[in-house]
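> Kindly generate the corresponding structure for this input.
(one chain, ligands or ions: 1)
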Amino acid sequence: MAKVLAIDVGGTKLVYAIVNEKGEFLNEIKRVSTPKNIEELKKIFETIISENEKEIDYIAFATAGAINLENTKVESSTPNMPDGYNSIDFSKLSTKPVYVENDANAAAWAEYKTGAAQGEANNITITLGTGVGGGFIVDGKLLRGKSGRGGEVGSMKINGRNRICTCHRKNCFESYASGSGLKITAEEIAANDNIFKSSIYKDKKPNDITTYDIVNGLKLNDEYSKKVFNIWKNDLITGLINITNIFDTGMIVISGGMGEFIDTDEIEKTINSEIVVSPVKIRLAKSGNYSGMIGAALLACERFRHN
Ligand SMILES: [Zn+2]
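The predicted structure is shown next:
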């Protein structure tokens, strides 16, 4: 059975382990901090690879950023990665075959092959964290698009409230449905709605209200927190209805930190009452924090096994 050195490269840390073609971990998962300097990052890649190269068949990277169609390079990097990250040719890092995939795509593949979406040939994994990411599986294949950048669901536009996104465009889905989006909604309601005056947070400045305050306020039955959360949830549902109608998908898997605050049954019911395609299932992700490594490893196996 093929063995893959799987490396998940994030803005703050880098985790790696050896994974087999069933997605099982064969050794302990190790982590190191992601350096801010590109030369140091290359050195870390070289060290990890040279330590493991003899035992493995392929190397698989899951990383932020848009990946080229050949899965050898990060074409456009994210601001949290070192300058020059897109200059690395991953295929030259080893004499073994190397595969690189976007982390949201890799996570979606892991959910499809080993997680919540097993057996669903049409499924979409949406990551709700600081931002919103997505990986789309269509008829059993990962949707990559003409340049490899497909599935950028966070940049989908919704008919919102003139919010400027971190990408400087207006009304991106991400600027509403992410954890950061919840905080912005909380600030807006605190500044403009009288409901805030009777909230448990009324003595706070609108800018100081956090995502945690809102989810905590839900537990304490705070009307302001409930109002903020409902607006956030409705923005999320708007986006999920759009993608369900377009893709006629069988399942949407929700991953990321915001997932734990969602009632998937309730959201599923609402979405299914407003779509024109067949019903969709809404589920929470199962692959956890290591879905990037698992998905990238399995995709590398698919790619290189056939060559
Ligand atoms: Zn945006």
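> How much space separates the closest residue to Asp57 other than its chain neighbours from Leu298?
Spatially, and ignoring its direct neighbours in sequence, Asp57 is nearest to Ala2 (4.5 Å; C-beta to C-beta, 6 or more residues apart in numbering). Where C-beta positions appear, they are placed from N, C-alpha and C, glycine not excepted. As judged by C-beta to C-beta, to the nearest Å, Ala2 and Leu298 stand 10 Å apart.
> Which one's more surrounded, the two?
With neighbours defined as other C-beta atoms under 10 Å, Ala2 and Leu298 compare such that Leu298 has more, 25 against 15.
> Pretty sure the more buried one sits against Asn20.
No. Applying C-beta atoms under 8 Å, one finds Leu298 not in contact with Asn20, separated by 9.6 Å.
> Just the helices from the stretch 201-307 of the chain, written as ranges.
Listed in chain order, the helices found in the stretch 201-307 of the chain under DSSP state H, counting those that start in this stretch are 211-219, 223-247, 264-272, 291-305.
> so what sits against both of Ala2 and Leu298?
Glu21 (C-beta atoms under 8 Å, 6 or more residues apart in numbering).
> Give the residue spans of the stretch 201-307 of the chain that score low on pLDDT.
Residues of the stretch 201-307 of the chain meeting the criterion pLDDT under 70: 306-307.
> For the ion, what's its nearest residue on it.
Of all residues in the stretch 201-307 of the chain, Gly239 sits closest to the ion, at 12.6 Å by C-beta to the ion.
> Touching, that residue and Glu174? I think so.
No. Between Gly239 and Glu174 there is no contact under C-beta under 8 Å: 9.2 Å.
> Comparing the two, which residue is more hemmed in?
Glu174 (27 against 22).
> And what about Val100, helix, strand or coil?
strand (DSSP: H, G, I helix; E, B strand; the rest coil).
> so it makes contact with Lys92?
No. Look at Val100 against Lys92 with C-beta under 8 Å: they stay out of range, at 11.7 Å.
> ok, these two, which is more surrounded?
Using other C-beta under 10 Å as the criterion, Val100 and Lys92 rank with Val100 on top: 28 against 9.
> show me the residues around that one that make contact.
Val100 makes contact with 60-63, 67, 71-74, 90, 296, according to C-beta under 8 Å, 6+ apart.
> do you know how far Phe90 is from Asp208?
From Phe90 over to Asp208 (counting by C-beta to C-beta), the distance is 42 Å.
> Report the secondary structure element holding Ile189.
Per DSSP states H and E, Ile189 falls inside helix 179-192.
> For that helix, enumerate the helices and strands it packs against.
Helices and strands touching helix 179-192, by 3 or more C-beta pairs under 8 Å, 6 or more residues apart in numbering; DSSP states H and E, are helix 174-177, helix 211-219, helix 223-247.
> Up against the ion, what does the stretch 201-307 of the chain have?
For the stretch 201-307 of the chain, no residue is in contact with the ion (C-beta under 5 Å from the ion).
> Leaving out sequence neighbours, find the closest residue to Lys227.
Ile195 (5.6 Å).
> What of Ala285?
Ser255 (3.4 Å).
> Wait, that neighbour touches Ser291, no?
Yes. Using C-beta under 8 Å, Ser255 is in contact with Ser291, at 7.0 Å.
> quick one: common contacting residues for those two?
In contact with both Ser255 and Ser291: 107, 111, 285, using C-beta under 8 Å, 6+ apart.
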